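K.L.:
Sequence first, predicted coordinates after that:
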Amino acid sequence: VHSPQADVVYERHEVPVEGRDVAQIAMWRLTMTVSPTDAGSALHVHVFYGGDALGDMAEGILTKELNKSRPALLKEIKHRVGVS
C-alpha cells in the first residue's frame, strides 16, 4: 500500500505450501510515514506482529536493535543530505 507523499505499508503474505496452514501464520506489517517538520521531515516506522509466538521477547530485541542502530542511521542520513 502506498499513499504518495505520506505512507508506505508492507504486509507479509504467505504463499500456500503443501502441509502448512497459511491461516495460522501471524500477520507482520511494517508501516512507514513521512511527515513534515520545521527542520525538514520525520520518518515514523511502526512494526506490527499479530502472533503470540514471540511475545515480549521480540519487542525487547527489536527495541534494543533499533536504539543501537539509531546513531548510525542518523549519521548516514545527515551525510546523504549534506548536514553536519
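P.N.:
Arrived safely. Numbers count the residues shown, from 1 in each chain.
K.L.:
List the contacts of stretch 45-58.
P.N.:
25-33, 62 (C-beta atoms under 8 Å, 6 or more residues apart in numbering). Yep, even glycine has a C-beta here, placed from its N, CA and C like the rest.
K.L.:
Pull the distance from the helix or strand containing Arg80 to the chain's centre.
P.N.:
Arg80 is part of helix 55-81 when elements are defined by DSSP states H and E. In terms of C-alpha atoms, centre = their mean, to the nearest Å, the centre of helix 55-81 is set 11 Å apart from its chain centre.
K.L.:
for stretch 36-54, same thing?
P.N.:
6 Å.
K.L.:
got it, and stretch 16-32?
P.N.:
Remark: stretch 16-32 is offset 17 Å from the chain centroid, using C-alpha atoms, centre = their mean.
K.L.:
Could you pull out the buried residues of it?
P.N.:
Within stretch 16-32, not a single residue qualifies as buried, counting by 16 or more other C-beta atoms under 10 Å.
K.L.:
Could you tell me the end-to-end distance of that stretch?
P.N.:
Start-to-end span of stretch 16-32 (C-alpha to C-alpha, to the nearest Å) is 27 Å.
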